[in-house]
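Q: With the input below, show me the fold.
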Amino acid sequence: MSRIGRMPITVPAGVEVNVAAGNVVTVKGPKGTLVKNLNPEMLIEQEGNTILVKRPSDDKEHRALHGMTRALLNNMVVGVSEGFKKELEVNGVGFRVAKEGKNLVMNIGFSHQVIVPEVDGITIDVPGPNKIVISGTDKQMVGQFAAEVREKRPPEPYKGKGIKYVDEVIRRKVGKTGAKK
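A: As a prediction, this is how the structure comes out:
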């Protein structure tokens, strides 16, 4: 039995979950509304403020979908109640970021500025010249957008320059040694 799939999801106060035909799940909360089509074969049961995800059989496909369906549903509930955020750090001499309107403007060592527009459902916050905070209700969108921003200048292994996640550890390499005589 899936250890994650069999865990119940507790719905906090202020969050409303509706399961329509074909497992179209709508979750409304203080931070927004999320709608997702989950696999129609999974059985989603709602009892008061708890939700249980059950599988119809022990087939390999159903076992694989069980935990994933529960995780997606839990991420929706957490997203509309608390939200998700990713923090990025910019390292490098002269590297800095700023927010102009709804655009993230980055000076990251190129001859031009790199401009990334804000997407619907995502908010970009720049608390300092080398820190970016990306937040939103959809975990997948937040992670994807953070990966796209990081992709503009990934950290390099020699000096560690580039854009990295705050909790990311860069494996450093030793540079060239001098000429031997």
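
Q: Can you pull up the most central residue in the chain?
A: Residue closest to the average C-alpha location in the chain (Cα atoms, centre = their mean): Gly143, at 2.8 Å.

Q: Can you verify that one is assigned to a strand?
A: No. Secondary structure assignment places Gly143 outside any strand; it is helix (DSSP: H, G, I helix; E, B strand; the rest coil).

Q: Just list the residues touching the closest residue to it other than its chain neighbours, thanks.
A: Nearest non-adjacent residue to Gly143, counting by Cβ to Cβ, 6 or more residues apart in numbering: Lys86, 6.6 Å away. C-betas here are computed from N, CA, C, even on glycine. Lys86 makes contact with 133-135, 142-143, 146, 165, according to Cβ atoms under 8 Å, 6 or more residues apart in numbering.

Q: List the ones among those residues that fall in strands.
A: 133-135, 165 (DSSP state E).

Q: Mind giving me the PyMOL command for buried ones among these?
A: A single PyMOL command selects the buried members of the ones in strands among the contacts of Lys86 (16 or more other Cβ atoms under 10 Å):
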select buried, resi 133+134+135
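
Q: Would you tell me which one of the ones in strands among the contacts of Lys86 comes nearest to Val35?
A: Nearest to Val35 among these is Ser135, at 19.7 Å by Cβ to Cβ.

Q: how about the nearest residue to that closest one, chain neighbours excluded?
A: The shortest distance from Ser135 to any non-neighbouring residue, by Cβ to Cβ, 6+ apart, is to Lys85 (3.9 Å).

Q: and that neighbour, how many neighbours?
A: Look at Lys85: counted by other Cβ atoms under 10 Å, it has 13 neighbours.

Q: Check Gln46 too.
A: Counted with other Cβ under 10 Å, Gln46 comes out at 13.

Q: just checking, it touches Val17?
A: Yes. Contact criterion Cβ atoms under 8 Å: Gln46 and Val17 qualify, at 6.5 Å.

Q: Now the residue nearest to Gly143. Its backbone dihedrals?
A: phi -130, psi 140 (degrees, to the nearest 10).

Q: Am I right that Gly22 is in a strand?
A: No. Under three-state DSSP, Gly22 falls outside any strand and is assigned coil.

Q: Helix, strand, or coil at the nearest residue to it once chain neighbours are set aside?
A: Ranked by Cβ to Cβ, 6+ apart and with sequence neighbours excluded, the top spatial neighbour of Gly22 is Pro40, at 4.8 Å. Of the three states, Pro40 takes coil under three-state DSSP.

Q: if I read this right, Pro40 contacts Asn23, doesn't it?
A: Yes. Between Pro40 and Asn23 there is a contact at 4.9 Å, judged by Cβ under 8 Å.
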